[in-house]
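J.: Need coordinates for the below:
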Amino acid sequence: MRVAVTFLHAYARAGARNIELDNMVKRRKLGVPVTPKPERPRCGAKTRAGGRCKAPAVWNLPIDEPRNGRCRIHGGLSTGPRTEEGLRRTLEALTAGRARWLESRASTS
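T.: Residues are numbered from 1 along each chain as shown. Have a look, this model is predicted:
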């Protein structure tokens with residue numbers, strides 16, 4: 001017997017999204033307008049066919065704004081570390097990983 005999925009069932013299964021859903025429900029109860037899905041901006045990334053991506057931008061529910069303006073597929077690449085400390089940690093990880101790789105290559109030869 002198949003049971004119809006109600007809002008409460010979907011809400012209970014959301015798990016990790018409960019906090020965001022709670023915030024959204026609170027915003028609606030307070031009368032703060034929440035942008036309807038059809039009015040949310042689209043990704044707009046250039047496609048191989050020359051057009052623009054029509055998928056919705058990834059949405060940040062608690063603050064009711066797009067996260068970065070792109071869809072889940074076109075989220076963009078990381079810009080990399082910006083601070084001196086971040087650059088140093090990245091370089092250390094790179095050299096340590098390279099050393100491990102060279103050791104494993106030497107041991108298999």
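
J.: Please confirm that Leu87 is located within a helix.
T.: Yes. Secondary structure of Leu87 (DSSP: H, G, I helix; E, B strand; the rest coil): part of a helix.

J.: Let me see the ranges of the helices in this protein.
T.: In the chain, the helices defined using DSSP state H lie at 7-13, 18-30, 84-108.

J.: And those, which one averages the lowest pLDDT?
T.: Of all the helices of the chain, mean pLDDT reaches its minimum on helix 7-13 (a mean of 49).

J.: Could you check how far Leu94 is from Pro81?
T.: Distance check for Leu94 against Pro81: by Cβ to Cβ, to the nearest Å, it reads 11 Å. Any C-beta I mention is one placed from the backbone N, CA and C, and that applies to glycine too.

J.: higher neighbour count, these two?
T.: Pro81 (13 against 10; other Cβ atoms under 10 Å).

J.: I'd assumed Ala93 was in contact with that one.
T.: No. Between Pro81 and Ala93 there is no contact under Cβ atoms under 8 Å: 10.5 Å.

J.: Phe57: neighbour count?
T.: No Phe there; residue 57 is Ala. Neighbours of Ala57 using other Cβ under 10 Å come to 21.

J.: Which residues are in contact with it?
T.: 40-43, 66-71 (Cβ atoms under 8 Å, 6 or more residues apart in numbering).
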